[in-house]
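**Student:** this is a predicted model, with the sequence first.
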Amino acid sequence: MRAQLRIVAGTLRGRRLNYIVEGGLRPTPDMVRQALFSILGNAVPGRIFFDLFAGTGAVGFEALSRGASSVEFVERDPRTAAAINKHGQAFGVADLARVHKADVYRWVERWQAPAEPVTIFLGPPFSDLENRPEALLLGLADLQQKAASGSVLALQSEKTFVADHLLGQQGWDHRHYGRNQLAIWVKES
């Protein structure tokens with residue numbers, strides 16, 4: 001089944017992302033994206049933005065629309081990664097959108113963080129939250145350690161994942177949006 005998402009604000013506002021609903025693809029809802037970027041505020045314009053478990057690419061394209069200097073998309077599925085490339089070309093932002101067809105967990109292990117602060121969004125499949133929580137927590141810890149001071153991590157998850165794994169960990173801010181939860185962490189200097 002085919003479906004569409006729209007970019008909700010910025011220079012690409014109203015542009016539509018077409019995607020095929022299949023195999024665990026769970027796009028970030030408009031309301032959650034609006035809330036995310038409201039929370040992130042100045043942590044987007046002029047920064048490199050990483051969209052991990054990119055799926056449709058909606059979060060990364062929203063970041064470009066709101067002034068990110070560039071976006072690095074990381075998506076394992078070849079068809080989905082190709083669709084992100086296609087949307088980047090159609091929106092005229094292909095030069096600012098780099099797609100890595102890779103397993104996020106392996107990509108994070110090899111990631112060399114830029115010297116400047118970045119913003120990193122993780123929207124893992126809910127099945128990973130349930131079946132691979134240790135891998136996700138190790139990846140988060142790796143990103144926290146490698147990222148430059150002032151960097152921001154944002155995790156979209158089910159409420160139960162944050163309650164079970166991140167509550168009580170220092171520095172995480174939690175917000176609920178229906179079944180979804182956003183957890184935000186800023187690396188202090």
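**Tutor:** It's in. Quick caveat: nothing in here was measured; it's all calculated off a predicted structure. Numbering: from 1, shown residues only.
**Student:** name the helix or strand for residue 117, please.
**Tutor:** Counting by DSSP states H and E, there is no helix or strand that carries residue 117.
**Student:** over to the one 4 residues further on?
**Tutor:** Per DSSP H and E: residue 121 is located in strand 119-122.
**Student:** would you mark the buried spots in the helix or strand of the chain with the lowest mean pLDDT?
**Tutor:** Every helix and strand of the chain was ranked by mean pLDDT, DSSP states H and E. The lowest is helix 159-165, at a mean of 74. Residues of helix 159-165 classed as buried by neighbour count (16 or more other CB atoms under 10 Å): 161-162, 165. C-beta: built from backbone N, CA, C; applies to glycine.
**Student:** quick one: contacts of it?
**Tutor:** Helix 159-165 is touched from outside by 129, 133, 137, 155, 172, 174, 176, 179-181, 183, with contacts defined as CB atoms under 8 Å, 6 or more residues apart in numbering.
**Student:** 10 Å instead?
**Tutor:** Applying CB atoms under 10 Å, 6 or more residues apart in numbering, the set of residues contacting helix 159-165 from outside is 124, 126, 128-130, 133-134, 136-137, 140, 155-158, 169, 172, 174-183.
**Student:** who does the helix or strand harbouring residue 35 touch, helix- and strand-wise?
**Tutor:** Using DSSP H and E, residue 35 maps to helix 30-40. Packing contacts for helix 30-40, counted by 3 or more CB pairs under 10 Å, 6 or more residues apart in numbering; DSSP states H and E, involve strand 2-6, helix 58-65, strand 119-122, strand 152-158, strand 172-177, strand 180-186.
**Student:** right, and the helix or strand after it?
**Tutor:** Per DSSP H and E, the first helix or strand lying C-terminal to helix 30-40 is strand 48-52.
**Student:** no further queries at this time; thank you.
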